[in-house]
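Visitor: Need the 3D shape of this:
(one chain, ligands or ions: 1)
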Amino acid sequence: MKERKGIMIRNDIRNIAIIAHVDHGKTTLVDAMLKQSGVFRANERVEERVMDSNALERERGITILSKNTAVMHNGVKINILDTPGHADFGGEVERVLTMVDGVLLLVDAYEGPMPQTKYVLRKALEQHLKPIVVINKIDRPDQRVDEVIDEVLDLFIELDADEDQLEFPVVLASARNGIAKLSMDEESNSLEPLFKVILENIPAPDVDVNAPLQMLVNTLDYDDYVGRIVVGRVVRGTIHNGENIILMDEAGNRNGKIGRLYTYQGLKRVEVPEVEAGDIVALIGLQDANIGDTIADSENPEALKGIKIDEPTLSMI
Ligand code: GDP
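Guide: Below you'll find the model as predicted:
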């Protein structure tokens, strides 16, 4: 039986979102991070796309490619949550940001901050997240890295960033070439400096895995075979496959039963028997779950009273 430690800092996990204006290189950066992460095979995305996805889906009972990604680095799983790159309808950016402890703000080294950069940065600052600024495409001959960093700083000031947020780390990157560095005159042949800044600056989840279960339904996905997929972060306790739970909303409580549970690995969802607080889970079985509902321990739903559930930083001791 697995030892239960109760309250702990989960140093084995980081939860981040990459926010950027369209075309500034989000997809390219995530691909490069995947290729350089230990566990997952390079070119996975390409191979999976070539395969007959219908056959794969039938075999596994769920669409395996997800919008979210996880990469492994030095034994730490970095969950990278997708944020909409288009104009946001209905607060999806906020709901994704509620699940993470930090963001990478990706800015093109020539274009500088653009309207969507400002829009998503404002949301992140409002949720008290401290961004890491990644200036991408530094290989461009027309790059103007120093000016762009100044423009980003001006944007933080315009958006009333607090003192802590204003001290954002800056990483220079060429996602296309798979390199990152801290200054232009530095030699680099990998993204290692970026991974290092992420692990050092994004707080690890501070959670109680023994407390009564609490999870917020952050986003919903849909799959032709299994229907509604609930995605959220386990805030407290541990969620188990097949567990009876209470689904709570403003109108009251409903009973529910968790079906299969998945966590992210590379570009896929992989089935797991349980997920402890601090991690992001995708689950099936709750066909009537809605965004904003709370999933609670069926034997102990009262334990949630008085607990604010929409804090981005989740230390609840
Ligand atoms: P997204 O819309 O943010 O996901 O952007 P993509 O990752 O699709 O990249 C948009 C375009 O920028 C593509 O043509 C990429 O090849 C290009 N791109 C991405 N990263 C780099 C980079 O580091 N250097 C250069 N020169 N181009 C890049």
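Visitor: interface residues of the chain facing the ligand?
Guide: Proximity of the chain to the ligand is assessed by C-beta under 6 Å from any ligand atom, with 20, 22-28, 85, 136-137, 139-140, 174-176 identified as the residues in range. In this view, the C-beta of every residue, glycine as well, is placed from N, C-alpha and C.
Visitor: Are any of those buried, and if so which?
Guide: Ala20, His24, Gly25, Lys26, Thr28, Gly85, Asn136, Lys137, Ser174, Ala175 (16 or more other C-beta atoms under 10 Å).
Visitor: Tabulate those (a markdown table), appending secondary structure and distance to Ile9.
Guide: As requested, these are exported to a markdown table (DSSP: H, G, I helix; E, B strand; the rest coil; distance: C-beta to C-beta, whole Å):
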| residue | secondary structure | distance to Ile9 |
| --- | --- | --- |
| Ala20 | strand | 29 |
| His24 | coil | 32 |
| Gly25 | coil | 32 |
| Lys26 | helix | 29 |
| Thr28 | helix | 32 |
| Gly85 | coil | 32 |
| Asn136 | strand | 30 |
| Lys137 | coil | 35 |
| Ser174 | strand | 33 |
| Ala175 | coil | 30 |
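Visitor: For those residues, give me a markdown table that also has pLDDT.
Guide: Formatted as a markdown table, these follow (pLDDT from 0 to 100):
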| residue | pLDDT |
| --- | --- |
| Ala20 | 92 |
| His24 | 95 |
| Gly25 | 94 |
| Lys26 | 92 |
| Thr28 | 93 |
| Gly85 | 59 |
| Asn136 | 98 |
| Lys137 | 98 |
| Ser174 | 98 |
| Ala175 | 97 |
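Visitor: Quick check: of these, which lies closest to Thr69?
Guide: Taking C-beta to C-beta as the measure, Lys26 is the one of those closest to Thr69, at 10.6 Å.
Visitor: And that closest one, how far from Asn210?
Guide: With the distance defined as C-beta to C-beta, to the nearest Å, Lys26 ends up 37 Å from Asn210.
Visitor: Is Lys123 in contact with Arg95, as I believe?
Guide: No - Lys123 is beyond contact range of Arg95, at 10.2 Å (criterion: C-beta atoms under 8 Å).
Visitor: Note down every partner strand of the helix or strand where Arg14 lies and its orientation.
Guide: Mapping Arg14 onto the secondary structure by DSSP states H and E places it in strand 13-20. Strands that pair with strand 13-20, judged by DSSP bridges, come out as strand 76-81 (parallel), strand 102-108 (parallel).
Visitor: Can you list the buried residues in the helix or strand that the longest one is followed by?
Guide: Spelled out, it's strand 102-108. Past strand 102-108, heading to the C-terminal end, the next element that is a helix or strand (DSSP H and E) is helix 115-126. Buried positions in helix 115-126, judged by neighbour count with 16+ other C-beta under 10 Å: Gln116, Thr117, Val120, Leu121, Arg122, Lys123, Ala124, Leu125.
Visitor: how close does the second one get to Val103?
Guide: Spelled out, that is Thr117. For Thr117, the distance to Val103 - C-beta to C-beta - is 12 Å.
Visitor: Overlap in contacts, those two.
Guide: Ile19 (C-beta atoms under 8 Å, 6 or more residues apart in numbering).
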